[in-house]
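K.L.:
Structure for the following, please:
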Amino acid sequence: MNKWIGLDIGGTKILGALYGEDNKSIAQSKKKTKAQEGVEIVMEQVFKVIDALYETIPKDETSTLLGIGIGVPGIVTTDGIVKFSPNIPFKDFELKSLIEKRYQVPVSVGNDVNVAMFGEYKFISDPANKNVLGLFVGTGIGGAIIIDGELYVGQGAAAEFGHIVVNADGAFCGCGAQGCLEAYASKTAMQRYVETQLSKGRLSVLKDFHEKDGAVIKSSTLQKAYEANDTLAVEVIQYASKYLGIAIGSLVNMFHPDLFILGGGIMESLGKEMMPLVLKEAERHAMPSLLDSVRFEISKLGDDAGIYGAFQLIKRD
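P.N.:
Numbers count the residues shown, from 1 in each chain. Next up, the predicted model:
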């Protein structure tokens, strides 16, 4: 039985899984990234995850590791060089060649959101969906483009949908530009909106959660506040949904895909509440009738999207 390893390298944890020919996970391994300790320590953690999975492969002639797929945040070139990663000390880092030399198997490396959305696409496994867009709403906002069933990455950094400009004279984004979608609809932007309103004396149950949980308001917390009809929670959900809708309307105009997948912690927790608001706004910005033929779905794999997508990426190659 042939085997493949899918690896998701994140800012806080490294998650890996061993997959078989039936597309099912055989074993999983997880380690802390330890990003603050430097690149050598990070790679030691990566090797520990891969080694643990490798040890689960039966040592017989019929079991072979055919490759390793990897998703990593940041800008990744088509030849597997991580040019920059926001939360991991990789800069012009030749991740693909390093892993290939150590394990003597083919390796594919891609941006984590691209890889995760490719996993969602392959999991759906519907031949009618040849052209698919993905939008991942988490701490930041990322995207993915699939054309004729293949992941499109351009020179390596295509589908940075979080940096579509939705308000040219608007808020500054962490990337340095002004008016990006990420500055309005990411979890970070929603957090900032809530904190600004609380500082003005707004009454909200989110104040209690914020003081108890510290700096981060969790997606599940926003969901509970929204379900309780908290005025500020409803307002911030409407605020983010508006700008997501603006971006999605424009993306539909550009690509007119068969399917649009929305993922990330925000959409997985609040997708049911946000989708009607997002689509209503998208209708205002998409050309007439284009949205009618586009299917919209919330991601289904959760935390496993990255490892499953990485597996599918290397299995495809």
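
K.L.:
Only C-alpha atoms from now on, for both contacts and neighbour counts.
P.N.:
Noted.

K.L.:
Any buried residues in stretch 19-29, and which?
P.N.:
Under the neighbour-count criterion of 16 or more other Cα atoms under 10 Å, stretch 19-29 has 19-20, 25, 27-29 buried.

K.L.:
my bad, stretch 294-312
P.N.:
Result for stretch 294-312 [16+ other Cα under 10 Å]: buried residues 296, 298-301, 304-312.

K.L.:
taking those one by one, which sit in helices?
P.N.:
Mapping those onto helices (DSSP state H) picks out 305-312.

K.L.:
if we can go back for a sec, farthest pair within the buried residues of stretch 19-29?
P.N.:
Taking Cα to Cα, the two most distant members of those are 20 and 29; they sit 15.5 Å apart.

K.L.:
ok so, going back, would you reformat the ones in helices among the buried residues of stretch 294-312 as TSV and include pLDDT and distance to residue 123?
P.N.:
Shown next, in TSV, are these (pLDDT from 0 to 100; distance: Cα to Cα, whole Å):
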residue	pLDDT	distance to residue 123
305	94	9
306	95	12
307	97	12
308	97	8
309	96	9
310	98	12
311	98	11
312	96	9
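
K.L.:
and residue 22, which of the three is it?
P.N.:
Classification of residue 22 using DSSP: H, G, I helix; E, B strand; the rest coil returns coil.

K.L.:
now the strands: where do they sit in the stretch 201-317 of the chain?
P.N.:
Secondary structure of the stretch 201-317 of the chain (DSSP state E, counting those that start in this stretch): strands at 259-263, 295-298.

K.L.:
The stretch 101-250 of the chain: helices as residue ranges?
P.N.:
Assigned by DSSP state H, counting those that start in this stretch, the helices in the stretch 101-250 of the chain fall at 112-124, 182-185, 187-199, 205-213, 219-227, 231-255.

K.L.:
rewinding a little: out of the ones in helices among the buried residues of stretch 294-312, flag the one nearest to residue 125.
P.N.:
Looking across these and measuring by Cα to Cα, the closest to residue 125 is residue 312, at 11.7 Å.

K.L.:
related to what we said a few turns ago, please identify the most buried of the helices of the stretch 101-250 of the chain.
P.N.:
helix 182-185 (a mean of 29; mean count of other Cα atoms under 10 Å).

K.L.:
Give me the helices and strands touching it, please.
P.N.:
Counting contacts by 3 or more Cα pairs under 8 Å, 6 or more residues apart in numbering; DSSP states H and E, helix 182-185 packs against helix 187-199, helix 231-255.

K.L.:
looking at those helices, which is closest to residue 107?
P.N.:
Closest among the helices and strands packed on helix 182-185, once you apply Cα to Cα, is helix 231-255, at 29.9 Å.

K.L.:
now that closest one, how far from the centre of its chain.
P.N.:
Centre-to-centre, helix 231-255 and its host chain are 18 Å apart (Cα atoms, centre = their mean, to the nearest Å).

K.L.:
what's the angle between it and strand 259-263?
P.N.:
150 degrees (axes from the mean of the first three to the mean of the last three Cα atoms, to 10 degrees).

K.L.:
mean confidence for helix 231-255?
P.N.:
For helix 231-255, mean pLDDT is 97.

K.L.:
Stretch 255-271: end-to-end distance?
P.N.:
Terminal residues of stretch 255-271 are spaced 22 Å apart (Cα to Cα, to the nearest Å).
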